[in-house]
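Asks: pasted the sequence and its predicted model underneath.
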Amino acid sequence: MAPEQFGGIVKKESDIFALGVCLYETLTGVRPYLDDGDLLKQKLDRDYRDITAVLPWLPAGTDKLMDRALEPEPSQRFADALELYEALNKL
């Protein structure tokens with residue numbers, strides 16, 4: 001779940017965060033955040049491996065795309081799924 005959901009706030013940007021997590025896990029086979037420890041802190045600190053560290057053959061810009069999808073601040077994420085889709089198509 002997105003960081004803001006820990007405080008009971010749910011908005012469309014929360015879904016973008018969830019899509020980012022799903023995309024990361026689909027590509028790498030692992031979740032971006034470890035199950036042990038403080039999940040909220042990991043999310044706020046962007047404590048995950050760059051996706052190209054796991055899959056170096058991915059196109060340039062993939063890390064920036066993932067960083068934006070997994071951005072802790074909702075207003076800095078993709079505005080909606082279409083914007084995320086268009087960014088994926090540009091890779």
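Replies: In hand now; what should we look at?
Asks: list the contacts for the most centrally placed residue in the chain?
Replies: In the chain, the residue lying closest to the centroid (Cα atoms, centre = their mean) is Leu70, at 2.7 Å. Counting by Cβ atoms under 8 Å, 6 or more residues apart in numbering, Leu70 makes contact with 17, 20-21, 24, 32, 43, 46, 48. Where C-beta positions appear, they are placed from N, C-alpha and C, glycine not excepted.
Asks: try it again at 10 Å.
Replies: Residues near Leu70 by Cβ atoms under 10 Å, 6 or more residues apart in numbering: 2-3, 16-17, 19-21, 23-24, 32-33, 43, 46, 48, 51, 77.
Asks: between the residues you listed, which is nearest Asn89?
Replies: Distance ranking of the contacts of Leu70 against Asn89, using Cβ to Cβ, places Leu23 first at 13.4 Å.
Asks: got phi/psi on that closest one?
Replies: With angles defined as degrees, to the nearest 10, Leu23 sits at phi -60, psi -50.
Asks: how far away is it from Gly37?
Replies: To Gly37, Leu23 is 22 Å away according to Cβ to Cβ, to the nearest Å.
Asks: more crowded one of the two?
Replies: Comparing Leu23 with Gly37 by neighbour count (other Cβ atoms under 10 Å), the higher total belongs to Leu23, at 19 against 10.
Asks: so the more buried one makes contact with Leu58?
Replies: No: the pair Leu23 / Leu58 is not scored as a contact, 11.2 Å apart, by Cβ atoms under 10 Å.
Asks: could you tell me which residues touch both of these two?
Replies: Common contact partners of Leu23 and Leu58 (Cβ under 10 Å, 6+ apart): 51, 65-66.
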